[in-house]
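Student: Take a look and give me a structure for this.
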Amino acid sequence: MALRGEVDVLNVDQVRVALVEALDARPRTLVVDLSELSFIDSTGLGAIIFGFQRARDEGVDFLLARPTRGVHQILVLSGVLEVVGLQQ
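Tutor: I've put the predicted structure just below:
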């Protein structure tokens, strides 16, 4: 799945629903493409952790991919990349 634009308090519920729907398809791995994401706030980071935890509970690998420079910096500073893997 791909996240585009901004993920913040205004649309984070849509992101959570999209993550649940993607996981309901029972993939072996869920890769969240961040290449077109320009901004993510703390609620968006929470949604990513939510998706990661739900995937883990369902035995699905969960990876982030191709974050933009600014988003990558937020992921590093928040510690999210210490928990969630980044696709190489």
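
Student: Any buried residues in the longest helix belonging to the chain, and which?
Tutor: Secondary structure of the chain per DSSP state H: the longest helix is helix 42-57. Across helix 42-57, burial judged by 16 or more other C-beta atoms under 10 Å covers T43, G44, L45, G46, A47, I48, G51, F52, R54, A55. Using the backbone N, CA and C atoms, a C-beta is placed for each residue, glycine as well.

Student: can you check stretch 16-25 too?
Tutor: So stretch 16-25, judged by 16+ other C-beta under 10 Å, has buried residues R16, A18, L19, A22, L23.

Student: top strand in the protein by residue count?
Tutor: Secondary structure of the chain read by DSSP state E shows that its longest strand is strand 29-40.

Student: residue closest to the middle of the protein?
Tutor: With distances taken as C-alpha atoms, centre = their mean, I48 lies nearest the centre of the chain, 3.7 Å away.

Student: dump the residue contacts of that one.
Tutor: Shown in contact with I48 (C-beta atoms under 8 Å, 6 or more residues apart in numbering): V32, I40, L64, V80, V84.

Student: try L19
Tutor: Under the criterion of C-beta under 8 Å, 6+ apart, the neighbours of L19 are M1, L30, V32, A47, F50, G51, R54.

Student: Share the number of residues neighbouring the first one, please.
Tutor: Think M1. 14 (other C-beta atoms under 10 Å).

Student: What residues does it make contact with?
Tutor: Contacts of M1 (C-beta under 8 Å, 6+ apart): A18, L19, A22, L30, V31, V32, D33.

Student: swap in A2?
Tutor: A2 neighbours (C-beta under 8 Å, 6+ apart): V32, D33, L34, S35, E36.

Student: helix/strand/coil for V15?
Tutor: Following DSSP: H, G, I helix; E, B strand; the rest coil, we place V15 in the helix state.

Student: can the contacts of I48 go into JSON lines with extra columns for neighbour count?
Tutor: Formatted as JSON lines, the contacts of I48 follow (neighbours: other C-beta atoms under 10 Å):
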{"residue": "V32", "neighbour count": "25"}
{"residue": "I40", "neighbour count": "26"}
{"residue": "L64", "neighbour count": "24"}
{"residue": "V80", "neighbour count": "19"}
{"residue": "V84", "neighbour count": "20"}
